[in-house]
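> Have a look at this fold, sequence not included:
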């Protein structure tokens, strides 16, 4: 991957700002895919706080970009990072998924800052919500369609870097930034005697953000539409554990495409690697959903205060910023979110004859792993079809042999084999019931952190479950699996894989120790979820249906302009489509984390005159 220096990033960003401004000015308001939500539902999805505390709201509003005087929150700048400008129902100009958090900071440590005279404990902060990463817009001929629950285009890595740089430039008074910032933040209290407290608070925020940035540092560029979610969450759990000395960071080198969220409450397990369970109590209380969403909050600037077992009274739990009331309500909303239908008025009509032919191809080549599901079916349970990376893994349901997907293994391995010093978490129970030792898998550390954060919120959880009960699921018998198509994954699908990952894949198969795997799921609405594979290394569905060796080795990201033929975003370079995604370096070596191989189940058999078979299958995928 081509790595830009910070200076080049700013130069590139400045040169693109005019183009972004022109594009923004030409856009009309978006339409909305019909997905079963009301406007009130969408507004709650976009702006309900979950407990993430990125920065004080007044600071973010006052902040300027590091390289000029452009407001950091300007719609043009926000659009550069792939986020969607938005005005909340209360009139606040914040992007989709950036929410005001007004909870009391009593008991917090990292986000308990004081910079105003007689400042109270409920000064508003701003943080991320699910919708920042799971809402998208597609464009065609100047018209836009917003799709809720679809993978976002956010370039989180660049956003974080430039936000940190903007705060440092403000503290250093670059181009007079400090005076303007202090005037905006302090308002009528902007007097010389009040500025030292503000400067001290800004210095503390810079120190804490630098600590997070150092933990998440990696030479790999994520680009638009993906982030190493597990890496960030794990490093946050490591920081909150209080391990001493601090654990060395685990590289955030396995970015993944943001998953699409419709039908998620129906799944038995979620995440690309199936590592989080949806576990319902009396078919209503989904403790698994609350847990995974709490983990997400912790990973994106939530706060948890851990304590050793000896200092933690029984059933007290860990204080945290997690907003469980809203987490449960958001999960309830997801239970009513339908996959989007192909928008014929925007992208053109579907050919019924091609759909019929493509359905037969899908049955023969795809349905063994991707069980069909009706677009309005929000009650049928979905049992994950796990594709294990380890060659000695057990058979699939029905007795068919496991067919390793051959896709990039970094995310699956990192999730189960990253370790850290446990600090305050030593002695608590891991996911399998064993006691956590002085050093442990971060997966188990996160389990202990989330479990005890939820114990502290039990009253809120019970109240939320009464107010927002989950949609009941039907009782069905999963269909008998079809025979999987033959895989064309080579005997060694991972050439030049680093030794640590070879060791991961060579571990004896054990469900208790962790199972490196990726899950298959129904493909309803799949046309709206580019880019593809778990790591976003394939730009469109046409490329995914090619033999792996024939896929694009590089393409460009950043545009919302949709390609209705290949089913994905446009891939050619343009002023708004500027990030170059490379799967191999200049010497032709695989860039691990970006590998676009695998998921080749005899794709060459789809070759035909005029590519009719492959195009028929694409037409069928539009109809799902």
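It's in. Since we're looking at a predicted model, the values are computed, not measured.
> quick one: low-confidence ranges for the stretch 351-500 of the chain?
391-392, 394-399, 470, 478-481, 483-487, 489 (pLDDT under 70).
> how does it look with 80?
The stretch 351-500 of the chain contains residues with pLDDT under 80 at 390-403, 464-473, 475-492, 495.
> quick one: the helices in it?
352-365, 410-417, 442-455, 458-467, 499-506 (DSSP state H, counting those that start in this stretch).
> which ones are touching the nearest residue to residue 269 once chain neighbours are set aside?
Nearest residue to residue 269 in three dimensions, chain neighbours excluded: residue 384, at 4.9 Å (Cβ to Cβ, 6 or more residues apart in numbering). All C-beta atoms are positioned from the backbone trio N, CA, C, and that covers glycine. Contacts here follow Cβ atoms under 8 Å, 6 or more residues apart in numbering; on that basis residue 384 touches 267, 268, 269, 274, 519, 520, 521.
> Out of the residues you listed, name the ones that lie in strands.
Of these, the ones assigned to strands by DSSP state E are 269, 519, 520.
> My read is that the first one contacts residue 292, right?
No - under the criterion of Cβ atoms under 8 Å, residue 269 lies out of contact with residue 292, with a separation of 9.8 Å.
> which intervals of the stretch 501-624 of the chain have sub-threshold pLDDT?
Residues of the stretch 501-624 of the chain that meet the cut-off, pLDDT under 80, sit at 507-515.
> can you give me the strands for it?
Taking DSSP state E, counting those that start in this stretch as the test, the strands found in the stretch 501-624 of the chain are 517-520, 554-557, 562-563, 568-569, 579-582.
> Quick one, which of these gets closest to residue 340.
Of all these, strand 562-563 sits nearest to residue 340, with 12.3 Å by Cβ to Cβ.
> packing partners for that closest one?
strand 135-140, strand 568-569 (3 or more Cβ pairs under 8 Å, 6 or more residues apart in numbering; DSSP states H and E).
> So which elements touch the shortest one?
To tie it back to what came earlier, the one meant is strand 568-569. Strand 568-569 packs on helix 541-544, strand 562-563, going by 3+ Cβ pairs under 8 Å, 6+ apart.
> could you redo the last one with a cut-off of 10 Å?
strand 135-140, helix 541-544, strand 554-557, strand 562-563 (3 or more Cβ pairs under 10 Å, 6 or more residues apart in numbering; DSSP states H and E).
> Report the strands that pair with the third one, each with its relative direction.
Listed by DSSP bridges, the sheet partners of strand 554-557 and their directions read strand 579-582 (antiparallel).
> Give me the buried positions along the strand it pairs with.
579, 581, 582 (16 or more other Cβ atoms under 10 Å).
> Verify the stated contact: the last one with residue 553.
It stands for residue 582. Yes - when contacts are counted by Cβ atoms under 10 Å, residue 582 is listed as touching residue 553 (7.0 Å).
> Find residues that contact each of these two.
591, 594, 596 (Cβ atoms under 10 Å, 6 or more residues apart in numbering).
> Only the buried subset of these, as a ChimeraX command please.
This is how ChimeraX selects the buried members of the shared contacts of residue 582 and residue 553, with burial counted by 16+ other Cβ under 10 Å:
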select :591,594,596
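> and which of the shared contacts of residue 582 and residue 553 is nearest to residue 124?
For these, the nearest to residue 124 is residue 594 (38.4 Å; Cβ to Cβ).
> which one is that closest one nearest to, not counting chain neighbours?
residue 583 (5.0 Å).
> before we move on, back to that, quick one, which of the strands of the stretch 501-624 of the chain is nearest to residue 212?
strand 579-582 (22.8 Å).
> Name the residues of stretch 451-471 that are buried.
For stretch 451-471, by 16+ other Cβ under 10 Å, it's 451-454, 456-457, 460-461, 464-465, 468, 470-471.
> ah, wrong one, I meant stretch 436-443
436, 440, 441, 442, 443.
> quick revisit: out of the shared contacts of residue 582 and residue 553, which one sits closest to residue 237?
Looking across these and measuring by Cβ to Cβ, the closest to residue 237 is residue 594, at 25.4 Å.
> Is residue 80 in contact with residue 576, as I believe?
Yes - counting by Cβ under 10 Å, residue 80 does reach residue 576; the two are 8.9 Å apart.
> Mind checking which of these two has more residues around it?
residue 80 (23 against 19; other Cβ atoms under 10 Å).
> Against residue 570, how distant is that one?
17 Å (Cβ to Cβ, to the nearest Å).
> How about residue 146?
In terms of Cβ to Cβ, residue 146 sits 18 Å off from residue 570.
> Please apply the same query to residue 466.
47 Å.
> Over to residue 214?
36 Å.
> if you count what's nearby, which of those two comes out ahead?
With neighbours defined as other Cβ under 10 Å, residue 214 and residue 570 compare such that residue 570 has more, 21 against 11.
> Which residue would you name as the spatial centre of the protein?
Taking Cα atoms, centre = their mean as the criterion, residue 258 is the residue nearest the geometric centre of the chain, at 4.1 Å.
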